[in-house]
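**Student:** Predicted model follows, preceded by the sequence.
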Amino acid sequence: MTGMKKALLDAETRRWLADITSGRVRYDEPMSLHTSFRVGGPAEAFVEVKSADELVALVSGLAVKDAPYHVVGGGTNLIVTDAGISGVVICLKPYISDMVIEDVGSSHARVTVSAGTSLPLFCSHAIRNGLKGMNFALGIPGTVGGAIRMNAGTALGWISDVLDSILVLYPSGRLERIGRNSLSFSYRKLTLPQSFGENSFSHETIIVSGRFSLVRENAIDLKQAAGEILRNRKHRQPMSLLSAGCIFKNPSTGKTAGELIDLCGLKGRKIGGAEISIKHANFIVNTGSATAADILALMDSMRQIVDQQFHVNLEPEVIVIGN
Ligand SMILES: Cc1cc2nc3c(=O)[nH]c(=O)nc-3n(C[C@H](O)[C@H](O)[C@H](O)COP(=O)(O)OP(=O)(O)OC[C@H]3O[C@@H](n4cnc5c(N)ncnc54)[C@H](O)[C@@H]3O)c2cc1C
């Protein structure tokens, strides 16, 4: 344990949570069950929301009670500290999940996808329906909401390339559709514009769905291309081990984070149960017994060594949350 968990929910809020979720709220839920790294201490309260209506009622109620909450999707880009998270963790997976395809002329389609939908499922659904645009994301785990928030991407493209608009939920309970032109995307980040009332993106603003613009294409061709992309990824990354994908962002110029870490001879270096992947130097893998503290300590040592040798300050790509 790296610290004490602070309880922020009073008895009245706990009763209200049990009521509004029909008893589904779970207390002291280990976040290691909800992160791809399989580390993380308990969430004070954990709710898998069942519907958009329930989400609106939950978020606006928590805001009135001034009770903190944090939204998560698939937990595939997260390190939750060993001390856990105070307040309510709202998980959109697996229930806030559906996809609706509308034709726009004969060559395009608009696809509206709920935030809790699995991103791999969306990619394969697009292929099956002969819709081009999502192949870049093949092999990225997690949810559509998390992918939009992180502006997930690969060398083949970013989610911002195909996104038309998003529906967001503010803490006040207000829903708003925001068009692509009013959204500011950068490397692994979405920032909402100041002009949208509730100011910049905070952990309290929730993406409820995304609307994507995809192009009609032959499904067999798309499937063939997809096979190649997935084979490539499997070859380069430790896909079957416990990780959160790339740990650091690539510097804007020069060598990639993975190249710098590799040049420092760090592949295979271990702290506790956390190890720098032999296959890809920008991946840390949990060999089975890692704690969040092991992973964070390994990240610190990687940053220090790369800074000493190359004078490059690596910036984390993973999001760290918790006490
Ligand atoms: C093996 C592996 C390979 C990966 N490869 C890639 C890759 O190639 N490219 C890439 O970009 N990423 C990659 N990742 C990282 C990760 O999968 C992506 O960032 C993914 O999009 C995160 O989605 P998630 O649902 O798991 O988000 P989470 O990890 O649950 O959350 C990430 C952040 O988004 C916020 N968030 C989640 N849902 C919402 C929502 N509905 N509204 C508002 N905020 C929300 C959370 O609060 C958190 O700050 C990889 C991860 C793994 C494990």
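**Tutor:** Structure's in. What do you need?
**Student:** Distance check, Gly74 against the ligand.
**Tutor:** Distance of Gly74 to the ligand, computed by C-beta to the nearest ligand atom, to the nearest Å: 3 Å. C-beta here means a position set from N, CA and C on the backbone, and glycine is covered the same way.
**Student:** so how many other residues sit close to the closest residue to that residue other than its chain neighbours?
**Tutor:** Closest residue in space to Gly74, ignoring its immediate chain neighbours: Gly142 at 3.6 Å, by C-beta to C-beta, 6 or more residues apart in numbering. Residues near Gly142, counting by other C-beta atoms under 10 Å, number 25.
**Student:** got the contact list for Gly142?
**Tutor:** Ser36, Gly73, Gly74, Gly75, Thr76, Asn77, Ser118, Leu119, Ala152 (C-beta atoms under 8 Å, 6 or more residues apart in numbering).
**Student:** now, which of those sits nearest the ligand?
**Tutor:** Gly73 (2.3 Å; C-beta to the nearest ligand atom).
**Student:** Would you map the helices across the protein?
**Tutor:** With helices called from DSSP state H, the chain shows them at 11-20, 52-64, 119-128, 144-150, 219-236, 257-263, 292-310.
**Student:** which of those helices sits most buried?
**Tutor:** helix 144-150 (a mean of 27; mean count of other C-beta atoms under 10 Å).
**Student:** Which strand residues bridge the closest residue to Val89 other than its chain neighbours?
**Tutor:** Leaving aside its chain neighbours, Val89 sits nearest to Ala43 (4.0 Å; criterion: C-beta to C-beta, 6+ apart). Counting by DSSP bridges, Ala43 is bridged to Glu29, Ile85.
**Student:** State the distance from Ala43 to Leu62.
**Tutor:** 14 Å (C-beta to C-beta, to the nearest Å).
**Student:** who touches both of the two?
**Tutor:** Going by C-beta under 8 Å, 6+ apart, residues that sit against Ala43 and also against Leu62 are Val88.
**Student:** can you tell which of the helices of the chain is closest to the ligand?
**Tutor:** helix 144-150 (2.3 Å).
**Student:** do that closest one and the ligand meet at all?
**Tutor:** Yes. Legend: contact between helix 144-150 and the ligand by C-beta under 6 Å from any ligand atom is shown at Gly145, Gly146, Ala147, Arg149, Met150.
**Student:** Stretch 35-44 too?
**Tutor:** Yes. Stretch 35-44 is in contact with the ligand by C-beta under 6 Å from any ligand atom, via Ser36.
**Student:** which residues are there in the stretch 201-323 of the chain that come within reach of the ligand?
**Tutor:** For the stretch 201-323 of the chain, the residues in contact with the ligand (C-beta under 6 Å from any ligand atom) are His203, Ile206, Ile207, Met239, Ser243, Ala244, Gly245, Ile319.
**Student:** just the stretch 1-150 of the chain next, same as before
**Tutor:** 36, 70-78, 92, 115, 140-143, 145-147, 149-150.
**Student:** give me the low-pLDDT residue ranges for the stretch 51-200 of the chain?
**Tutor:** The stretch 51-200 of the chain contains residues with pLDDT under 70 at 192-200.
**Student:** can you map out the strands along it?
**Tutor:** Along the stretch 51-200 of the chain, the segments classed as strands by DSSP state E, counting those that start in this stretch run 69-72, 78-80, 85-91, 99-104, 108-114, 131-132, 153-154, 157-158, 163-169, 175-179, 184-186, 189-191.
**Student:** Leu298: which of the ones you listed is closest?
**Tutor:** Leu298 lies closest to strand 78-80 among the strands of the stretch 51-200 of the chain, at 10.9 Å (C-beta to C-beta).
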